[in-house]
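Enquirer: Structure for this input, please:
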Amino acid sequence: MSNNRTLTSLINDANNFSCRVVILFSMILVPITAANMADAATASAEISGHAATPQSTPSATTPVSPEQERLYLIQVLQKRIPGTNPNDWVVGGGAFEPGVQATPLNADNATNSADILAIGKKLWDRKFVDGKSLANCFPNGGKRVAAAYPQFDTATKQVVTFEFAINRCLQLHGEVPIDYANAAVIGPLSAYGKSLADGQKLAVRVAGQGARDRYEAGRRWFQQRIGQKDFACASCHVLRAGEQFERAGLAPAVGQAVTWPRIQPGGSIRTLQAQFQRCMLRSGAEPFAVGSDEFNNLEYYLAYMSNGLPLKPLAITTSAAAPTATALTTTPK
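Expert: From the prediction side, this is the model:
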């Protein structure tokens, strides 16, 4: 889609309420501004027959902050899925799909979670050749730390995901870094490290221009239509949030970052960025590498959108008898 199309023309082209409500997040590739947000709210009000409420959006002359965008996206999704709130969305696509349930960490019916955490703990506690371990690289041995990731590193100008921080620690102590694509190793290790912050509210910061640039890069990828099917992340996770795609529930964008890694049917584990890859493939696009700048920026954006929600790694499982047991790992992004 061309970048030079105006918001007005896009609104005129839209055929239904859903498209117009989420037009900022699924159809345009121009920067979000307070004026655009106000225009979208007005368009939505016109269609629904209700008066617009300008006080609910920032001043048209005020730059939109990540926090304003997060709150606005919540409003958009609540209009898209009436009667729900962000705490409901933490379950992911399973909230909109029969046969999928959320289970607390280490519950007896959480398939293989205890084994996965045991593997992760062994890796976390393993002594390096210099006598240190991963616990030495994080405050409090890693307790209550993962909820602050991803972070922006002002020295390298890069986004540091929790998995990135694990590998950086290994390299610092002369150890071989883990291949991000090796889910059998990085998955349990990430899950255990995040379990040390289980229940902590996600608190990702976007402070300074460098961090804002990475955040904006992630948002652009979230909006960008790609592949043979011309999907954007927002196509499924804003525009069609709460619906199903090939029997898979489509999770709202808010809440997506807090329950990864997730257990797949059969007990294997999948990380959030591995899910990004699957979604790109289902869109007919060549996926980026796990750990790439593109995926790190996208995770940064999605994590900020989930700020304030509790971290729950391995909190999603599926019913053994459910005919849609693969749903949570086949949701297009």
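Enquirer: List the buried residues in the helix or strand hosting residue 79.
Expert: Per DSSP states H and E: residue 79 is located in helix 66-80. Using 16 or more other CB atoms under 10 Å as the test for burial, helix 66-80 gives 66, 68, 69, 70, 72, 73, 74, 76, 77, 78, 80. In short, each C-beta sits where N, CA and C put it, glycine included.
Enquirer: Would you state the predicted confidence (pLDDT) at the closest residue to the fourth one other than its chain neighbours?
Expert: Read that as residue 70. Nearest residue to residue 70, sequence neighbours excluded (CB to CB, 6 or more residues apart in numbering): residue 305, at 5.3 Å. Predicted confidence (pLDDT) at residue 305: the value is 97.
Enquirer: repeat for the one 10 residues further on
Expert: Listed pLDDT for residue 315 reads 68.
Enquirer: Any regions of the stretch 1-150 of the chain where pLDDT drops low?
Expert: Where the stretch 1-150 of the chain drops to pLDDT under 70, the residues are 1-63, 92-111.
Enquirer: switch the cut-off to 90
Expert: Applying pLDDT under 90 to the stretch 1-150 of the chain flags residues 1-64, 84, 88-116.
Enquirer: pretty sure residue 238 contacts residue 77?
Expert: Yes. With contacts counted by CB atoms under 8 Å, residue 238 reaches residue 77, the gap being 6.8 Å.
Enquirer: list residues touching both of the two?
Expert: 252, 253 (CB atoms under 8 Å, 6 or more residues apart in numbering).
Enquirer: before we move on, the earlier item: would a markdown table of the buried residues of helix 66-80 with distance to residue 214 be doable?
Expert: Shown next, in a markdown table, are the buried residues of helix 66-80 (distance: CB to CB, whole Å):
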| residue | distance to residue 214 |
| --- | --- |
| 66 | 11 |
| 68 | 18 |
| 69 | 15 |
| 70 | 16 |
| 72 | 20 |
| 73 | 18 |
| 74 | 22 |
| 76 | 23 |
| 77 | 23 |
| 78 | 27 |
| 80 | 27 |
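Enquirer: quick one: which of these is nearest to residue 200?
Expert: residue 70 (17.9 Å; CB to CB).
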